[in-house]
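Student: Just need the structure, nothing else, for what follows:
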Amino acid sequence: MNITVSGLQVTLQSRAVLHGIDLNLAAGQIVGLLGPNGCGKSTLLRSLAGLLPRQAGDIYLNGTLLSKMSLRSRAKHLAFVPQHSEVDQDLSVEQIIRLGRTPHRQRFFGWNPADEQALEEAIILMQLSLLRKRTWKQLSGGERQRTQIARALAQQPKVLILDEPTNHLDIQYQQELLSLIAQLPMTVIVALHDLNLAANYCQRLVILKQGEVIANGSPETVLTPDMIEEVWRVKASVNKEEDMLCIRYPKR
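Tutor: As a prediction, the model looks like this:
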């Protein structure tokens with residue numbers, strides 16, 4: 001599903017956070033959203049999910065205005081996973097994922113084969129088969145993130161929006177999670193901090209600085225030493241090694 005953003009402006013608590021954002025994101029890509037803290041990444045993601053009011057501009061899904069879509073229709077097309085989600089500690093992994101079917105459920109109708117298929121597909125995609133009966137409080141950080149993403153996948157969205165899903169995870173779990181995300185058959189927009197992860201798991205990168213898009217393109221064209229120094233104020237070398245883009249920071 002194509003996403004078009006035109007002249008998006010968002011103000012929160014009397015502070016302008018996003019300034020005239022223009023984007024055109026093609027269907028089926030993994031798009032990494034990068035930038036320093038406070039640049040507007042989370043605000044942009046929440047705006048794309050239709051969760052924030054805007055002062056100006058429009059967001060389109062395949063040419064349809066997001067603001068004109070009903071909440072149920074929006075939830076069938078978009079799924080958003082925030083950095084932190086509150087979950088009943090006693091719910092099992094399977095019960096949490098089942099909640100993702102809410103937009104598709106019809107009043108007075110029970111759980112049906114389509115719901116069951118969506119549940120099982122989400123469990124398989126996030127490799128949670130052996131954990132489905134565990135409760136939330138029994139899960140590690142990485143397992144919790146996979147469960148929340150599986151819940152979003154149960155919505156069967158065309159676009160998955162993830163706000164820093166690798167935050168606070170060990171390196172092993174960061175790579176495992178992004179490897180799973182890279183295999184998803186949909187458009188994924190993901191905010192990340194780690195430039196190496198973004199460079200090697202995303203097909204396209206969008207860099208924000210002070211609420212504006214200052215770079216938009218492939219990792220090779222966007223993550224240059226000059227751009228890294230301009231945005232993050234650190235010197236770095238960028239090299240291609242065995243089909244991987246490697247970003248290194250000199251010792252101080």
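
Student: What segments of the stretch 151-252 of the chain are strands?
Tutor: Secondary structure of the stretch 151-252 of the chain (DSSP state E, counting those that start in this stretch): strands at 159-163, 187-191, 204-209, 212-217, 237-241, 244-248.

Student: Only C-alpha atoms, please: export the first one in PDB.
Tutor: Written as PDB, here are the backbone C-alpha positions of strand 159-163 (Å, rounded to 0.1, in the frame of the first residue of the first chain):
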ATOM      1  CA  VAL A 159       1.100  -1.200   6.600                       C
ATOM      2  CA  LEU A 160       2.900  -2.000   9.900                       C
ATOM      3  CA  ILE A 161       4.200   1.000  11.800                       C
ATOM      4  CA  LEU A 162       6.800   0.300  14.600                       C
ATOM      5  CA  ASP A 163       8.200   2.800  17.000                       C
END
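
Student: and it, what does it pack onto?
Tutor: Applying 3 or more Cβ pairs under 8 Å, 6 or more residues apart in numbering; DSSP states H and E, we find strand 159-163 packed against helix 41-48, strand 78-81, helix 141-153, strand 187-191. Backbone N, C-alpha and C define where each C-beta goes, glycine included.

Student: What pLDDT is listed against residue 191?
Tutor: Per-residue pLDDT puts residue 191 at 97.

Student: Would you mind confirming that it makes contact with residue 39?
Tutor: No: judged on Cβ atoms under 8 Å, residue 191 makes no contact with residue 39 at a distance of 10.0 Å.

Student: Of all the residues in stretch 149-168, which ones are buried?
Tutor: Using 16 or more other Cβ atoms under 10 Å as the burial criterion, the residues of stretch 149-168 that qualify are 149-166.

Student: That stretch: end-to-end distance?
Tutor: 16 Å (Cα to Cα, to the nearest Å).

Student: So for that stretch, mean pLDDT?
Tutor: Average pLDDT, stretch 149-168: 94.

Student: Kindly report the same for stretch 103-112.
Tutor: Mean pLDDT, stretch 103-112: 75.

Student: Kindly report the same for stretch 219-239.
Tutor: 95.

Student: ends of that stretch, how far apart?
Tutor: The first residue of stretch 219-239 is 12 Å away from its last residue (Cα to Cα).

Student: One more: stretch 202-216?
Tutor: Stretch 202-216: ends 12 Å apart by Cα to Cα.

Student: Stretch 196-206 too?
Tutor: 14 Å.

Student: contacts for that stretch?
Tutor: Residues outside stretch 196-206 that contact it (Cβ atoms under 8 Å, 6 or more residues apart in numbering) are 23, 25, 29-34, 166, 174-175, 178-179, 181-182, 190, 192, 213, 215-219, 222-223, 244-247.

Student: one more time with 7 Å, if that's ok
Tutor: 23, 29-34, 166, 174, 178, 182, 192, 213, 216-219, 222-223, 244-247 (Cβ atoms under 7 Å, 6 or more residues apart in numbering).

Student: Please spell out the PyMOL selection for the buried subset of those.
Tutor: Those of the contacts of stretch 196-206 that count as buried under 16+ other Cβ under 10 Å are selected in PyMOL with:
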select buried, resi 23+30+31+32+33+34+166+174+178+192+213+216+219+222+223+245+247
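
Student: where do the helices sit along the stretch 51-200 of the chain?
Tutor: For the stretch 51-200 of the chain, applying DSSP state H, counting those that start in this stretch gives helices covering 71-77, 93-98, 113-125, 141-153, 171-182, 195-201.

Student: what's the average pLDDT for the last one?
Tutor: It refers to helix 195-201. Helix 195-201 comes out at a mean pLDDT of 95.

Student: Give me the distance from that helix to the chain's centre.
Tutor: Helix 195-201 sits 14 Å away from the centroid of its parent chain (Cα atoms, centre = their mean, to the nearest Å).
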